[in-house]
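1. Turn this into a structure:
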Amino acid sequence: MYVLDTNMLTALLRGEAGPVRRLLALPRSQVLLPQPVVAEVLCGLARLPKSRRRTALSERCETLLTSMLRADWTDEVSERFASVKATLERKGERLDDFDVAIAAHALARDAVLVSRNRNHMQRIPGLRCEEWND
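-> The predicted model follows:
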C-alpha cells in the first residue's frame, strides 16, 4: 500500500514519466491520497492566475482526483498525528502540520509514503518512505 505526498501528486500532474510509470504499474487499490494532499494541491491551483496553464492543470487534477482512492482521516490517523507531533516536539524538531498529517495517514495504514521530501519525512519514527523518480 502507498500513500502519496503532495509533491508526488504534483509530479503526476506535471506528467513526469517516472511517477506516472510507477502509478500505472500498481493496482488502483494500492495507492491512496490523504485529504491534506488534496487540500494542498487545490490551494496551489487556486493561487495560480487564470491562464491556459491553470485550466490544463485543473483538468488534469480533476481527472487524477476522480480516479484515485482517498485515505480517510480516522481516529487512528488522529492518534498517529498526535503521537508523531508530540515526539518531534520533545526532540525540538518542527514539521509542518500538513506533513505530519500526511505521514500519519501512511502510518495508520501501514503504508509506504511516496515523497520527494524523503530526508525531511524520515525524521518521523517508523515511517517508511520511497521516491518514484525513475
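2. so is the residue nearest to Pro34 when sequence neighbours are not counted in a helix, a strand, or just coil?
-> With Cβ to Cβ, 6 or more residues apart in numbering as the criterion, Pro34 has its nearest non-adjacent residue at 3.9 Å, and that residue is His105. Every C-beta, even on glycine, is put in place using the N, C-alpha and C of the backbone. Following DSSP: H, G, I helix; E, B strand; the rest coil, the label given to His105 is helix.
3. so where's this structure shaky on pLDDT?
-> Within the chain, the stretches falling below the threshold (pLDDT under 70) are 134.
4. burial measure for the residue nearest to Pro34, as a count.
-> 28 (other Cβ atoms under 10 Å).
5. pretty sure it is touching Thr6, no?
-> No - assessed by Cβ atoms under 8 Å, His105 is found out of contact with Thr6, at 11.9 Å.
6. Now the common contact residues for those two.
-> Any residue near both His105 and Thr6 by Cβ atoms under 8 Å, 6 or more residues apart in numbering counts here, and that gives Pro36.
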